[in-house]
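Chemist: What would the 3D arrangement of this be:
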Amino acid sequence: MPVMNLTDRDERTASAGEYVLGTLSAEERQAFEAALVNDAGLQAETAYWQDRLLPLAHHVGTAAPAAGLWSRIEARLPASRARDEVDGLAVEAANDSLWRRLRVWQGVSALATAAALVMGVMLSEQVERDARGAVAPRYLAVLEAPDDKRNGWLVEATAGGRLRLVPIVPPEAVPAGKALQFWTKAEGAAGPTSLGLVQPGQVVELPVERMPTLGARQLFELTLEPEAGSPIGRPTGPILYLGRTVQL
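Modeler: Next up, the predicted model:
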């Protein structure tokens with residue numbers, strides 16, 4: 001089993017994130033906690049991941065994982081990425097830990113994606129029903145920066161319920177006189193619908209009724225707009241993050 005190298009910056013960041021997620025092995029966890037006692041930098045890194053990841057858990061009630069949960073999480077991860085090499089490290093054999101492979105793939109970015117997938121699948125286990133008693137569909141989207149594919153925000157929504165926009169990266173400064181604006185556009189729709197302005201690092205909740213529709217492959221995006229929002233009812237500035245929903 002690979003040994004954590006807590007002198008490496010990327011390894012420290014990824015290990016702190018895995019510690020908060022609870023995905024380290026028992027041996028790794030003990031080693032991490034021993035280092036945590038006297039390492040102020042590692043303590044700060046761990047606090048950062050707690051601030052970023054624990055708000056996601058606030059949306060999930062206590063429940064025992066359903067049978068087959070982990071296999072479904074693994075099935076939702078792109079299999080092709082498991083064959084890639086990152087920084088010269090080949091992904092290990094297929095029976096290696098899923099989470100170990102996540103750390104090798106794309107470091108911190110993959111960890112944010114993993115957190116989103118875990119929370120999304122766990123949310124899907126908590127069945128909600130509409131007024132007729134039918135199971136209400138749930139949707140999840142991970143919004144990425146179009147230039148470098150950094151994961152930035154998580155969108156989770158339930159048909160007939162509420163939509164949540166949750167940041168999964170540290171707040172980014174917005175230029176003076178500018179604002180983040182949240183948009184959605186259903187596949188095949190004529191144009192986007194504004195869901196309002198968003199503060200950096202802010203968790204946003206709003207009723208799904210604010211949107212004209214909700215479905216699979218629905219586009220969500222954050223754009224940089226004038227301080228009062230787009231004056232023409234559609235995006236005018238650069239796209240900062242975007243992604244499409246999948247049904248859970």
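
Chemist: what about the strands in this structure?
Modeler: For the chain, applying DSSP state E gives strands covering 85-86, 89-90, 138-144, 151-158, 162-167, 178-185, 193-198, 204-207, 219-226, 239-244, 246-247.

Chemist: partner strands of the last one, parallel or antiparallel?
Modeler: Which is strand 246-247. Paired neighbours of strand 246-247 in the sheet (DSSP bridges): strand 138-144 (antiparallel).

Chemist: Only C-alpha atoms, please: export the partner strand in PDB.
Modeler: The C-alpha trace of strand 138-144 is given here as PDB (Å, rounded to 0.1, in the frame of the first residue of the first chain):
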ATOM      1  CA  ARG A 138     -33.300  13.900  -7.900                       C
ATOM      2  CA  TYR A 139     -30.600  15.600 -10.000                       C
ATOM      3  CA  LEU A 140     -27.000  16.500  -9.500                       C
ATOM      4  CA  ALA A 141     -24.600  18.700 -11.400                       C
ATOM      5  CA  VAL A 142     -20.900  19.400 -10.800                       C
ATOM      6  CA  LEU A 143     -20.000  22.800 -12.200                       C
ATOM      7  CA  GLU A 144     -16.500  23.000 -13.800                       C
END
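
Chemist: Now do stretch 34-44: distance from first to last residue.
Modeler: Start-to-end span of stretch 34-44 (Cα to Cα, to the nearest Å) is 15 Å.

Chemist: Could I get the buried residue list for it?
Modeler: By 16 or more other Cβ atoms under 10 Å, the buried positions in stretch 34-44 come out as Ala35, Leu36, Leu42. C-beta coordinates here come from the backbone N, C-alpha and C atoms, glycine included.
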